[in-house]
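>>> coords below, sequence missing:
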Ligand code: PHE
């Protein structure tokens with residue numbers, strides 16, 4: 001019997017030590033130590049033992065059970081540990097690896113330039129005015145003194161949405177809308193930024209672009225005021241070394257009319273490819289408000305005078321950022337936009 005118990009201890013320990021998972025361990029435990037297991041089977045033979053032998057064998061059986069339980073426990077612990085470590089290994093993360101870089105947005109170069117333009121005029125005491133992009137022929141042409149047969153009124157040049165209704169071709173209609181709202185108050189000093197539309201499409205023209213209109217009305221406003229204002233604007237926008245010049249021009253809604261050039265932003269005036277070797281770049285149209293336009297807005301041209309100007313935001317952005325294709329500003333290509 002003693003022999004049987006010792007063999008049982010040996011066999012069971014070996015079986016337990018070679019078990020690789022908890023199910024196997026449990027099977028072995030049931031086989032050797034369970035109610036109907038091998039140990040129980042051996043102990044059933046105790047009845048045949050002598051009274052002296054019985055306690056000794058009983059004790060030996062207890063020792064065998066305890067030893068096996070020890071082996072079982074340490075084996076269980078080891079297997080559980082191995083499972084845990086395998087899981088940790090799988091879940092391991094390397095916190096020293098570089099993180100995922102998020103794309104961060106930034107402001108569009110046109111928005112940046114337009115705000116810069118607005119800030120200069122706000123600083124000079126102008127207010128911001130807005131008008132509709134879908135405009136009446138009356139405000140876009142008629143009230144601005146365009147003659148009936150003016151080429152800009154042609155369907156070829158403008159986007160008409162209905163008879164007498166079109167996408168505004170410039171921000172000048174806001175001049176008359178503003179005067180209708182403010183007359184007879186003085187002074188009037190506003191800029192009107194916004195989208196305009198023309199049937200144009202090439203590297204330097206887009207069917208939609210942005211303008212900033214300016215309008216000043218008061219008693220005794222002069223062409224000198226106009227020149228001084230736009231000169232200060234040019235110096236603030238393009239740097240203090242910037243020079244300006246005014247060339248006579250024509251617009252139906254201003255008289256006299258002019259176009260303003262600035263010294264070339266690339267060569268400073270020496271002449272280069274950007275300024276077609278003239279040293280100058282045209283940036284805006286301007287002039288003294290035509291008496292008929294003042295009248296259309298409800299102001300008396302005998303009592304007040306005013307000036308107006310209009311310039312393209314894209315053109316100024318192209319000059320400031322040295323772009324040779326306006327379409328870059330509308331493509332929304334991140335390789336371009338990310339540079340600002
Ligand atoms: N509206 C003119 C244009 O789009 C610019 C302009 C505005 C000229 C105001 C004179 C006065 O070309």
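Perfect, thanks for sending it. The shown structure was predicted, so the numbers you read here are calculated from the model rather than taken from an experiment.
>>> and the helices in the stretch 151-300 of the chain?
Along the stretch 151-300 of the chain, the segments classed as helices by DSSP state H, counting those that start in this stretch run 173-182, 223-238, 291-296.
>>> looking at those, which is buried most?
Compared across the helices of the stretch 151-300 of the chain, helix 173-182 shows the largest average neighbour count, a mean of 22 (mean count of other Cβ atoms under 10 Å). Quick note: C-beta positions are derived from backbone N, CA and C, even for glycine.
>>> work out the gap between it and the centre of the chain.
Centroid separation between helix 173-182 and its chain, computed with Cα atoms, centre = their mean, to the nearest Å, is 35 Å.
>>> for the helices of the stretch 151-300 of the chain, give me JSON lines that also has distance to residue 83 and mean pLDDT.
As requested, those are exported to JSON lines (distance: least, Cβ to Cβ, whole Å; pLDDT from 0 to 100):
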{"stretch": "helix 173-182", "distance to residue 83": "76", "mean pLDDT": "98"}
{"stretch": "helix 223-238", "distance to residue 83": "71", "mean pLDDT": "98"}
{"stretch": "helix 291-296", "distance to residue 83": "88", "mean pLDDT": "98"}
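>>> could you dump those to TSV with distance to the ligand?
Listed next are those as TSV, based on distance: least, Cβ to the nearest ligand atom, whole Å:
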stretch	distance to the ligand
helix 173-182	7
helix 223-238	10
helix 291-296	10
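>>> so who does the residue of the stretch 1-150 of the chain found nearest the ligand touch?
Closest residue of the stretch 1-150 of the chain to the ligand, Cβ to the nearest ligand atom: residue 144 (8.2 Å). Contact analysis of residue 144 by Cβ atoms under 8 Å, 6 or more residues apart in numbering lists 172, 173, 175, 176, 252, 253, 293, 296.
>>> for the nearest residue to the second one once chain neighbours are set aside, give its distance to residue 195.
Taking Cβ to Cβ, 6 or more residues apart in numbering, and ignoring the residues beside it in sequence, residue 173 has residue 139 as its nearest neighbour in space, at 3.6 Å. Residue 139 is 15 Å from residue 195, where distance means Cβ to Cβ, to the nearest Å.
>>> give the residue from these two that has the larger number of neighbours.
Higher neighbour count among residue 139 and residue 195: residue 139, with 20 against 13, using other Cβ atoms under 10 Å.
>>> ok so that one is a helix residue?
Yes: assessed by DSSP: H, G, I helix; E, B strand; the rest coil, residue 139 belongs to a helix.
>>> in which helix or strand would I find the residue nearest in space to the middle of the chain?
Taking Cα atoms, centre = their mean, the centroid of the chain lies closest to residue 105, which sits 3.0 Å from it. For residue 105, there is no host helix or strand (DSSP states H and E).
>>> residue 83 too?
Using DSSP H and E, residue 83 sits in helix 53-91.
>>> who does that helix touch, helix- and strand-wise?
Helices and strands touching helix 53-91, by 3 or more Cβ pairs under 8 Å, 6 or more residues apart in numbering; DSSP states H and E, are helix 2-18, helix 22-33, helix 38-44.
>>> now it: buried residues?
Neighbour counts over helix 53-91 (16 or more other Cβ atoms under 10 Å) mark 57, 61, 64, 65, 68, 71, 72, 75, 76, 79 as buried.
>>> other SSEs contacting the next helix or strand after it?
Counting by DSSP H and E, the next helix or strand C-terminal to helix 53-91 is helix 109-123. Here helix 109-123 touches strand 188-197, strand 208-218, helix 223-238, helix 313-321, going by 3+ Cβ pairs under 8 Å, 6+ apart.
>>> element containing the residue of the chain found nearest the ligand?
Distance from the ligand to each residue of the chain (Cβ to the nearest ligand atom) is smallest for residue 310, at 2.7 Å. Using DSSP H and E, residue 310 maps to strand 305-312.
>>> ok, residues contacting that strand?
Outside strand 305-312, the residues that touch it by Cβ under 8 Å, 6+ apart are 170-172, 175, 188, 209-223, 225-226, 229-230, 253-254, 260, 283-289, 294, 299.
>>> ok, now which ones touch residue 169?
Residue 169 neighbours (Cβ under 8 Å, 6+ apart): 140, 152, 157, 158, 196, 197, 198.
>>> the stretch 51-200 of the chain against the ligand: which residues are in contact?
For the stretch 51-200 of the chain, the residues in contact with the ligand (Cβ under 6 Å from any ligand atom) are 170, 172.
>>> care to break the chain down by domain?
Per automatic domain parsing, the domain ranges recorded for the chain read 2-91, 109-337.
>>> return the most buried member of the ones you listed.
For the domains of the chain, the highest mean count by mean count of other Cβ under 10 Å goes to domain 109-337, at a mean of 17.
>>> and that one, how far out from the chain middle?
28 Å.
>>> contact partners for the residue nearest to residue 291 when sequence neighbours are not counted?
In this structure, residue 291 finds its nearest non-sequential neighbour in residue 301, 3.6 Å apart by Cβ to Cβ, 6+ apart. Residues near residue 301 by Cβ under 8 Å, 6+ apart: 291, 294, 295.
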